[in-house]
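Enquirer: build me a model:
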Amino acid sequence: MNNRTEVSGGIGFFGVLTIVFIVLKLTKVISWGWQWVLAPIWIPFVIVVMIIVVSMIIMQIFEWGDKKWQLLRLKLLQMHKIS
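Expert: Predicted coordinates:
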């Protein structure tokens with residue numbers, strides 16, 4: 001006997017919210033523009049992209065900072081060897 005239970009992800013909160021907004025727009029309960037009716041689809045995507053971009057910028061800053069400190073350390077070592 002096989003007692004496997006399969007669970008799918010389902011539509012999710014943002015999917016349900018999008019459907020509700022679309023129904024409200026089509027029934028003229030709300031008069032929002034379509035960009036706001038569909039916002040539950042694109043806003044989470046934009047947030048994820050922004051987090052990735054900010055993370056990449058921060059990683060580049062710290063990588064540049066590490067290189068800067070390494071160069072400073074090398075210069076100090078060279079100055080110490082000369083004197």
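Enquirer: how far out from the middle of the chain is the helix or strand residue 75 falls within?
Expert: Assessed by DSSP states H and E, residue 75 sits inside helix 39-82. Distance of helix 39-82 from its chain centroid, counting by C-alpha atoms, centre = their mean, to the nearest Å, is 17 Å.
Enquirer: what's the answer for stretch 29-41, then?
Expert: Offset of stretch 29-41 from its chain centre (C-alpha atoms, centre = their mean): 22 Å.
Enquirer: got the phi and psi for residue 4?
Expert: Backbone geometry at residue 4, expressed as degrees, to the nearest 10, gives phi -80, psi 140.
Enquirer: report the contact partners of residue 4.
Expert: Going by C-beta atoms under 8 Å, 6 or more residues apart in numbering, residue 4 touches no other residue. From N, CA and C alone the C-beta is placed, and that goes for glycine too.
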